[in-house]
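K.L.:
got a predicted model here, sequence first, then my questions.
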Amino acid sequence: MQGVGFSSLPFQVRLAAILLLGLAGFVIWDQLHWWRLRDDYSFGFLVPLFVAYVLHDRWPAIRGFFGQRWGPLRAGPTAPLRIVAGAVSYGLFAGGGGLLFLGALYRAAEGAAPAASMPIALGFGLFVMATVYLLSDRNVHGERTPVDARARLALMFLFPAMIWLLSAPTFGVLETWISTYLLDKVAIFVYHSFEFSGFPIVREGSVLILPSGEVGVEDACSGIRSMTACLFAGSFLGAIFLDRLWKKASLVCAAMLLAFLTNLLRSLFLTVWAYRYGPEAIDGAIHDATGYGIVFLTVLGLFLLLPVFNFRLEVDDEDLAAS
């Protein structure tokens, strides 16, 4: 496989790269509002840097794709697949472009709002993935490229294209539903933990009544804020250190599960602290410190899982011959 430089890429690919870079700048400009305004989205300042790192890390593979000699492609079963894949890509291209346009229109009319940022982020992601597939039809030698190779190239851009969905706030209704669901689970867990341990406690919805006063579970957080940051960390680690899509998806799911479990422990700790020192004791520094602790423990857990996902069972050639 022979790599090519950026200047050697087909003209339409270079033009599309400049266009997509400009659109990425627009997405960053739109989301800067939330990164500055909300502490739970301040990790967004890292997103452009991590995206640039992933693209830099994958640049040799991207160059190699366009420099690869494919030769004449055989007709047959691949022809219908190419037609279906092309139709899907054109649909994603049109859908992503439409979402981008509607989000930008809403942004211009109403200013910064989740109803604008989410369509912009989703539209950008779909537009990037579709553009990469559609413009990789031929290499620098003019040869047509296989469908599966084009799909693998598009998947190389999955993290740079879709990670912006995590750094933009979700719709208010969806965020409220998720937060309410998590609050209920946290309150139930803390209540039964105290009840099992023999400490008197009363639960009224998401409010826990202690001998020293009342503690709202929202004071200990539902975990949705830390979960977003942990999902970002899991997505980045999967993109860099894992080589299979199912492994990357599994690590993201593990990040979600670890964030939920560590938040349960955090909420239990804060309630114990409030039980002993009073509800006002969990405000301020201890509340924030435990929040950062969740992210740290989750990222540490993800790092420990990486060798498990990358484990390969190596069998000696002599053992294979003997069997």
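P.N.:
Okay, I see it.
K.L.:
from residue 97, how far off is residue 126?
P.N.:
For residue 126, the distance to residue 97 equals 8 Å [Cβ to Cβ, to the nearest Å]. Quick note: C-beta positions are derived from backbone N, CA and C, even for glycine.
K.L.:
wait, residue 157
P.N.:
In terms of Cβ to Cβ, residue 157 sits 16 Å off from residue 97.
K.L.:
same question, residue 23
P.N.:
Computed with Cβ to Cβ, the distance linking residue 23 and residue 97 is 10 Å.
K.L.:
quick check: neighbours shared by these two?
P.N.:
Counting by Cβ atoms under 8 Å, 6 or more residues apart in numbering, the shared contacts of residue 23 and residue 97 are residue 127.
K.L.:
circling back: more crowded one of residue 157 and residue 97?
P.N.:
residue 157 (21 against 17; other Cβ atoms under 10 Å).
K.L.:
which SSE is residue 177 in?
P.N.:
Taking DSSP states H and E as the definition, residue 177 sits inside helix 172-197.
K.L.:
now the element after that helix, going C-ward?
P.N.:
Where DSSP H and E defines the elements, the next helix or strand beyond helix 172-197 is strand 202-204.
K.L.:
for that next one, packing partners?
P.N.:
Packing partners of strand 202-204 (3 or more Cβ pairs under 8 Å, 6 or more residues apart in numbering; DSSP states H and E): helix 172-197, strand 207-210.
K.L.:
distance to residue 29 added to those, as TSV?
P.N.:
Shown next, in TSV, are the helices and strands packed on strand 202-204 (distance: least, Cβ to Cβ, whole Å):
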stretch	distance to residue 29
helix 172-197	22
strand 207-210	41
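K.L.:
name the stretch among those that sits most buried.
P.N.:
For the helices and strands packed on strand 202-204, the largest average neighbour count (mean count of other Cβ atoms under 10 Å) is found in strand 207-210, namely a mean of 18.
K.L.:
may I have the next helix or strand after that strand as CSV, with CA atoms only?
P.N.:
The helix or strand immediately downstream of strand 207-210 is strand 213-216, counting by DSSP H and E. Extracted in CSV, the C-alpha atoms of strand 213-216 (Å, rounded to 0.1, in the frame of the first residue of the first chain):
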residue,chain,number,x,y,z
GLY,A,213,-32.5,16.9,57.8
GLU,A,214,-33.6,16.4,54.2
VAL,A,215,-31.4,15.6,51.3
GLY,A,216,-32.6,15.9,47.7
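K.L.:
packing partners of the helix holding residue 177?
P.N.:
Counting by 3+ Cβ pairs under 8 Å, 6+ apart, helix 172-197 packs on strand 202-204, strand 207-210, helix 224-241, helix 245-277.
K.L.:
just checking, residue 303 touches residue 238?
P.N.:
No. Using Cβ atoms under 8 Å, residue 303 makes no contact with residue 238, being 11.8 Å away.
K.L.:
if you count what's nearby, which of these two comes out ahead?
P.N.:
For residue 303 and residue 238, the more surrounded residue by other Cβ under 10 Å is residue 238, and the numbers stand at 25 against 12.
K.L.:
what angle do the helix holding residue 177 and helix 224-241 make?
P.N.:
Orientation check (axes from the mean of the first three to the mean of the last three Cα atoms, to 10 degrees): helix 172-197 against helix 224-241 gives 100 degrees.
K.L.:
name the nearest residue to residue 61, ignoring sequence neighbours.
P.N.:
residue 156 (6.5 Å; Cβ to Cβ, 6 or more residues apart in numbering).
K.L.:
burial count for residue 246?
P.N.:
9.
K.L.:
so which elements touch the host helix or strand of residue 24?
P.N.:
In the assignment (DSSP H and E), residue 24 maps to helix 11-37. Counting by 3+ Cβ pairs under 8 Å, 6+ apart, the packing neighbours recorded for helix 11-37 are helix 47-67, helix 78-110, helix 114-134.
K.L.:
quick one: the second one to chain centroid distance?
P.N.:
Same thing as helix 78-110. 20 Å (Cα atoms, centre = their mean, to the nearest Å).
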